[in-house]
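Colleague: Sequence plus predicted model, see below.
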Amino acid sequence: MTGQQAVGSVGQRREQGPIITIDGPAGVGKSTIAKQLASRLGYQYLDTGALYRAVAWKVRASDVDPADHRTVTKLLPETRITLEQSEDGVRVLVDAQDVTREIRTQEISEIASVVSAIPAVRQWLLPIQRQAAASGGVVAEGRDLGTHVFPEADVKFFLEADVDVRAVRRHDQLQAAGHVASLTQTQEQIKARDLRDQARAVAPLVAAADARLINTSALGVEAVVEQMMAVIASKL
C-alpha cells in the first residue's frame with residue numbers, strides 16, 4: 001500500500017469482511033489492542049498513525065520546520081509511503097527506506113502531532129488510508145477514523161483512559177525502546193498532544209456518535225479485546 005494508489009470508496013462492497021475502527025488519544029492502548037483484535041479476527045491491522053509519523057520522518061529528514069505548512073505541503077508530492085505486512089508486523093518505508101524503528105521516537109511523535117494538524121497532510125493521507133481498507137477485513141486504529149476517514153465503518157470504538165495512566169504507559173514504552181524521558185515530561189507532552197488533536201480545524205479528536213466508548217484505565221488488554229469481541233458479535 002503506497003501513497004501513489006488510487007482512492008477506494010468507503011461505501012463500496014467489502015469482499016474480505018467489515019471495517020472496524022479504534023480511535024482515542026495517546027496512551028490508551030490502541031496499538032496493542034488493535035493488533036490483538038485483528039489477530040483474533042484474522043483481519044489486517046492498519047496503523048494510520050504510522051502514516052503521519054512517516055510524514056514527520058520525511059519532514060525531519062528534509063530539515064523542514066513542521067510548523068511551516070507551505071513547505072511541508074510541497075514535500076508531499078515527492079514522498080512515497082509504503083506499509084508492508086511482515087511476520088514481525090507492519091514495516092514502514094519512506095521513499096523505499098525502511099524507517100519502521102526510527103518513526104517510534106518521541107521526537108518523531110511530537111513532529112507528527114504538529115504536521116497532523118496541517119489540512120493538506122490530512123487530505124493527502126486520506127485516500128491512502130481508504131485504499132488500504134477498501135476490501136474490508138481491517139482493524140484500523142487512529143484518531144479520526146470513525147468520524148472522518150471511515151464514517152461508514154461497520155463497528156467503531158473510542159478508547160479513553162485517565163491522563164496519569166496514559167503517561168505511565170507511554171513512559172514505559174519509551175523506556176523499553178531505550179528513550180530517556182521523565183514521567184512528568186511525558187505527561188506534559190501527552191496533555192499538549194491532546195490539546196492539539198482536539199483543537200485542530202480538520203478532523204479533531206472526538207468520539208463518533210455511534211462509537212462504543214471503553215475506558216481502559218483499569219482494564220488489561222485481554223479484557224478490552226473481550227468487550228470488543230462481544231460488541232462485534234452483536235453487530236455483525
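Modeller: Thanks, I have the structure now. Residues are numbered from 1 along each chain as shown.
Colleague: outside of the least confident helix or strand in the chain by mean pLDDT, which residues touch it?
Modeller: Taking mean pLDDT, DSSP states H and E as the measure, the chain has strand 81-86 as its least confident helix or strand, at a mean of 83. Residues outside strand 81-86 that contact it (CB atoms under 8 Å, 6 or more residues apart in numbering) are 1-3, 44, 46-47, 50-51, 54-55, 90-94, 96, 128, 132. (Each C-beta comes from the backbone N, C-alpha and C, glycine too.)
Colleague: wouldn't residue 164 be in contact with residue 184 here?
Modeller: No. Using CB atoms under 8 Å, residue 164 makes no contact with residue 184, being 11.0 Å away.
Colleague: coming back round to it: which strands border whatever helix or strand comes next after the least confident helix or strand of the chain, and is each parallel or antiparallel?
Modeller: Toward the C-terminal end, the helix or strand that comes next after strand 81-86 (DSSP states H and E) is strand 89-94. Strand 89-94 pairs in its sheet with strand 81-86 (antiparallel), strand 97-98 (antiparallel), by DSSP bridges.
Colleague: Just the buried residues of strand 89-94, please?
Modeller: 90, 92-94 (16 or more other CB atoms under 10 Å).
Colleague: Turn these into JSON lines, including distance to residue 27 and pLDDT.
Modeller: As requested, the buried residues of strand 89-94 are exported to JSON lines (distance: CB to CB, whole Å; pLDDT from 0 to 100):
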{"residue": "90", "distance to residue 27": "20", "pLDDT": "80"}
{"residue": "92", "distance to residue 27": "21", "pLDDT": "92"}
{"residue": "93", "distance to residue 27": "27", "pLDDT": "94"}
{"residue": "94", "distance to residue 27": "25", "pLDDT": "96"}
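Colleague: picking up where we left off before, residue 164 and residue 184 - which one has more neighbours?
Modeller: A direct count of neighbours by other CB atoms under 10 Å for residue 164 and residue 184 places residue 164 higher, at 13 against 10.
Colleague: who's in contact with that one?
Modeller: residue 187.
Colleague: quick one, phi psi at it?
Modeller: The phi and psi values for residue 164, taken as degrees, to the nearest 10, are phi -60, psi -40.
Colleague: measure it to residue 109 for me?
Modeller: 19 Å (CB to CB, to the nearest Å).
Colleague: which intervals of the chain have sub-threshold pLDDT?
Modeller: Residues of the chain that meet the criterion pLDDT under 70 lie in 1-15, 88.
Colleague: how about a cut-off of 50?
Modeller: 1-13 (pLDDT under 50).
Colleague: all strands for it, in order.
Modeller: For the chain, applying DSSP state E gives strands covering 19-23, 44-47, 81-86, 89-94, 97-98, 138-142, 155-160, 212-215.
Colleague: Can you say which of these is nearest to residue 231?
Modeller: Closest approach to residue 231 among the strands of the chain (CB to CB): strand 212-215, 5.3 Å.
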